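[1] no sequence for this one, just the structure:
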């Protein structure tokens, strides 16, 4: 997905991203809920994220693959290609630090950016870093067993923006089916 990008100006992912302006109210969480700490087993509630996911848009293919939670961590990798060319890539991990779940992303060789978890559930997890340039919020929402929506949102240049990545589960490379 390569959504944690440090750049001075506006940027689109692979030139064909869906930018959603306004309409954030439905997915924006009240401030008092964003401060909530992770409750229960550290990352196990996010087992639904494990597996292989893709989003196709014309010649662009966005892929994410997440390993199942083990040792208090999920590991993920993302890649955006256009035809035979890699446009962007990202290494990700979700892990616990004390009583907080952290999402760390290292996009296309840049330094890692960390986001603190808030309001996790069996269908939704939201991570925030108000000091980050864009995005300030990263969210994964389970829609069905075989579909998720990853969302990045925040303010860039004084404008509130959101980008949705509606992924569908696919068979992982090598023929291994994705996790349930």
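    Received, thanks. The shown structure was predicted, so the numbers you read here are calculated from the model rather than taken from an experiment.
[2] ok now do the nearest residue to residue 172 once chain neighbours are set aside, which residues does it touch?
    Among residues not flanking residue 172 along the chain, residue 52 sits closest, at 4.0 Å (C-beta to C-beta, 6 or more residues apart in numbering). Any C-beta I mention is one placed from the backbone N, CA and C, and that applies to glycine too. Residues in contact with residue 52 (C-beta atoms under 8 Å, 6 or more residues apart in numbering) are 63, 64, 65, 169, 170, 171, 172, 173, 178.
[3] Give me the secondary structure label for residue 52.
    Here residue 52 takes the strand state, with states given by DSSP: H, G, I helix; E, B strand; the rest coil.
[4] Where does pLDDT dip in the chain?
    Counting by pLDDT under 70, the chain shows low-confidence ranges at 1-41, 118-120, 175-180.
[5] Just checking: what are the partner strands of the helix or strand harbouring residue 169?
    In the assignment (DSSP states H and E), residue 169 maps to strand 159-170. Looking at strand 159-170 with DSSP bridges, its partner strands are strand 19-21 (antiparallel), strand 51-57 (antiparallel), strand 147-156 (antiparallel).
[6] Which PyMOL command selects the buried ones in the contacts of residue 52?
    Selection of buried members from the contacts of residue 52 for PyMOL, criterion 16 or more other C-beta atoms under 10 Å:
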select buried, resi 63+64+65+169+170+178
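[7] okay if I get the contacts of residue 52 as CSV plus distance to residue 101?
    Output for the contacts of residue 52, formatted as CSV (distance: C-beta to C-beta, whole Å):
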residue, distance to residue 101
63, 23
64, 18
65, 20
169, 22
170, 26
171, 28
172, 24
173, 28
178, 22
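[8] Please tell me I have it right and residue 80 contacts residue 88.
    Yes - contact criterion C-beta atoms under 8 Å: residue 80 and residue 88 qualify, at 4.4 Å.
[9] between those two, which one's more packed in?
    Between residue 80 and residue 88, counting by other C-beta atoms under 10 Å, residue 80 is the more crowded of the two (26 against 19).
[10] In which helix or strand does that one reside?
    Element membership for residue 80 (DSSP H and E) is strand 73-82.
[11] just how off-centre is that strand within its chain?
    In terms of C-alpha atoms, centre = their mean, to the nearest Å, the centre of strand 73-82 is found 9 Å from the chain centre.
[12] what's around residue 131, how many residues?
    For residue 131, the neighbour count with other C-beta under 10 Å is 7.
[13] for it, helix, strand, or coil?
    Following three-state DSSP, we place residue 131 in the coil state.
[14] what sits against it?
    With contacts taken as C-beta under 8 Å, 6+ apart, residue 131 has no neighbouring residues.
[15] repeat that for 10 Å
    Contacts here follow C-beta atoms under 10 Å, 6 or more residues apart in numbering; on that basis residue 131 touches residue 113.
[16] Bridged to the one residue sitting closest to the centre of the chain, which residues?
    With distances taken as C-alpha atoms, centre = their mean, residue 150 lies nearest the centre of the chain, 4.9 Å away. For residue 150, the beta-bridge partners are residue 140, residue 165 (DSSP bridges).
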